[in-house]
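K.L.:
below are the sequence and a predicted model; questions follow.
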Amino acid sequence: MLIHGWMASKRYWHEAVDRLPGHRIWSLDLFGFGDSEKPVNGYDLDSYARFVLEFLDETDVKNCAIVGHSMGGSVAARTCIASPERFRALCLVDPALAGIATAPSRWATEPMIGFMLRLAGASIGFGQMTVKSMFGLGDSESMMIIEEAEKADVRGAASCGDMMSRKTDWGGLSELNLPALILFGENDFLVDRGMDEDIKSLMPKAELRHIKDCGHMPMLEKPDEFYDILWRFLGRRASR
């Protein structure tokens, strides 16, 4: 089960099926993003956890590994805490855990999000160049990021920024009795330095890995290395 991050969508995992042979892959758009509905309210971690669990019920998935990227790391972690019997492994990819990450920054407010999207829409070339320089991506991947960001609900995205700033009790992470992997891009400038160790302290039994010369989006920036690490983790610890 693959969970995307803020202003993103299931398309961020488009290589997963080919890169994780032998595994059945599910990904979804969190509400407010991608092709899912854009409700007026309900943007909190418990609601997102229920959303993921209802998705698993609808697809008749009884037990699976769950992977969450960035804000999706908060969603994946909260879902595991809420229903640990549904999961056999947890992987947090450049996770921004609510209350630990210093979000929202000034650009996570509704006016700023709207401005950035209007700017990208007015000049696709400028938006694409900005994304490429920030993350070291090619044309197709940077264009995909812009396209999926434009699908996000501005009000919902701002609400998620507020959600990520709230003080959150993550004590339940230490009580999870399942294999866990924490994976960071070594050059991630969106997640606070040292937050990897903060999260590791919450999950002392988890494996902590770093990918060199990689930023916030290892599945897009370094897919070979990222999926190799994930495949080995899942292959050792999750049922095929």
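P.N.:
Yep, it's here.
K.L.:
count of neighbours near residue 70?
P.N.:
For residue 70, the neighbour count with other C-beta atoms under 10 Å is 27. C-beta here means a position set from N, CA and C on the backbone, and glycine is covered the same way.
K.L.:
in contact with it, which residues?
P.N.:
Contacts for residue 70 (C-beta atoms under 8 Å, 6 or more residues apart in numbering) come out as 4-6, 8, 93-96, 190-191, 216.
K.L.:
find the nearest non-adjacent residue to it, please.
P.N.:
In this structure, residue 70 finds its nearest non-sequential neighbour in residue 5, 2.9 Å apart by C-beta to C-beta, 6 or more residues apart in numbering.
K.L.:
before we move on, what SS does the nearest residue to residue 151 once chain neighbours are set aside have?
P.N.:
Leaving aside its sequence neighbours, residue 151 sits nearest to residue 34 (C-beta to C-beta, 6+ apart; 5.6 Å). Assigned with DSSP: H, G, I helix; E, B strand; the rest coil, residue 34 falls in the coil class.
K.L.:
now do residue 100, the pLDDT please.
P.N.:
Residue 100 carries a pLDDT value of 84.
K.L.:
I'd guessed it sits against residue 200; true?
P.N.:
No. Using C-beta atoms under 8 Å, residue 100 is not in contact with residue 200, being 11.6 Å away.
K.L.:
about what we covered before: which of the contacts of residue 70 lies closest to residue 137?
P.N.:
Residue 137 has its nearest neighbour among the contacts of residue 70 in residue 216, at 11.0 Å by C-beta to C-beta.
K.L.:
which residues are in contact with that closest one?
P.N.:
When contacts are counted by C-beta under 8 Å, 6+ apart, residue 216 is found next to 70, 94, 135, 185, 188-191.
K.L.:
return the backbone torsion pair for it.
P.N.:
With angles defined as degrees, to the nearest 10, residue 216 sits at phi -80, psi -10.
K.L.:
residue 68: which element?
P.N.:
strand 64-69 (DSSP states H and E).
K.L.:
mind listing what's buried along the next helix-or-strand element following that strand?
P.N.:
Scanning forward in sequence from strand 64-69 by DSSP H and E, the next helix or strand is helix 71-82. Neighbour-count burial for helix 71-82 flags 71-81 (criterion: 16 or more other C-beta atoms under 10 Å).
K.L.:
ok, stretch 39-59 next?
P.N.:
Using 16+ other C-beta under 10 Å as the test for burial, stretch 39-59 gives 43-45, 47-52, 55-56.
K.L.:
same check on stretch 137-154?
P.N.:
Applying 16+ other C-beta under 10 Å to stretch 137-154 flags 137, 141-146, 148-149, 151-154 as buried.
K.L.:
nearest to residue 27, of the residues you listed?
P.N.:
Proximity to residue 27 was ranked across the buried residues of stretch 137-154 by C-beta to C-beta; first place goes to residue 148, at 12.5 Å.
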